[in-house]
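>>> Quick one: sequence and predicted model below, then my questions.
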Amino acid sequence: MFDILIQIQMIDISRYYSFILPIITWVFILLIKIVLYSLKHGWDIGNTLKHVSHGHMPSAHTGFIVSLVTAVGYYQGVDSGAFAVAFVLAIITIDDAVRLRMYMGDQGRYLNKIIENLQLEEKYPKLKERMGHRIREVIVGGLIGFSFTLALARLLG
């Protein structure tokens, strides 16, 4: 029995910092987003959670992916294959946050206008018109993701 207890070792979580730090950063950015939205639009948590999932300041998607790139670069090195993969994923994610989701919002706006002009509001629900991020929201999300992750990485070693 004592042999089993001796063999049990503590798990070294520092091996997983490249995965853990982006999750912590993502939660941190979501909390910032909730507070900022609530300060601007009131403290109705149901309304806030409905609106901050996609869009608004700061971009949690961008913050998370920039945090991932930063953590992988810090712990595995910028010359690693993992860094290259994380960097390509960052480009795709940021492009999605800015460009593709904006196009979806534009389509929602146009379809809502058509429904309104044809007087079909009762038959079809109103579509979301704001799904993407503005450039400044993506930049702020990226800056928070980079700086918060770097601060955590240096703090944790």
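That came in fine, so what should we check first?
>>> What's the first helix or strand after the longest helix seen in the chain?
Counting residues, the longest helix in the chain under DSSP state H turns out to be helix 17-41. Following helix 17-41 in sequence order, the next helix or strand is helix 45-51 (DSSP states H and E).
>>> which secondary structure elements does that following helix contact?
helix 17-41 (3 or more C-beta pairs under 8 Å, 6 or more residues apart in numbering; DSSP states H and E). For glycine as for every other residue, the C-beta is placed from the backbone atoms N, C-alpha and C.
>>> about what we covered before: what helices or strands is the longest helix of the chain leaning on?
Helix 17-41 packs on helix 45-51, helix 60-75, helix 135-156, going by 3+ C-beta pairs under 8 Å, 6+ apart.
>>> Between helix 60-75 and that helix, find me the angle.
Put simply, helix 17-41 runs at 150 degrees to helix 60-75, going by axes from the mean of the first three to the mean of the last three C-alpha atoms, to 10 degrees.
>>> how about S38, what does it touch?
Counting by C-beta atoms under 8 Å, 6 or more residues apart in numbering, S38 touches D44, I45, T48.
>>> distance of the last one from I135?
This points to T48. From T48 across to I135, the span is 23 Å (C-beta to C-beta, to the nearest Å).
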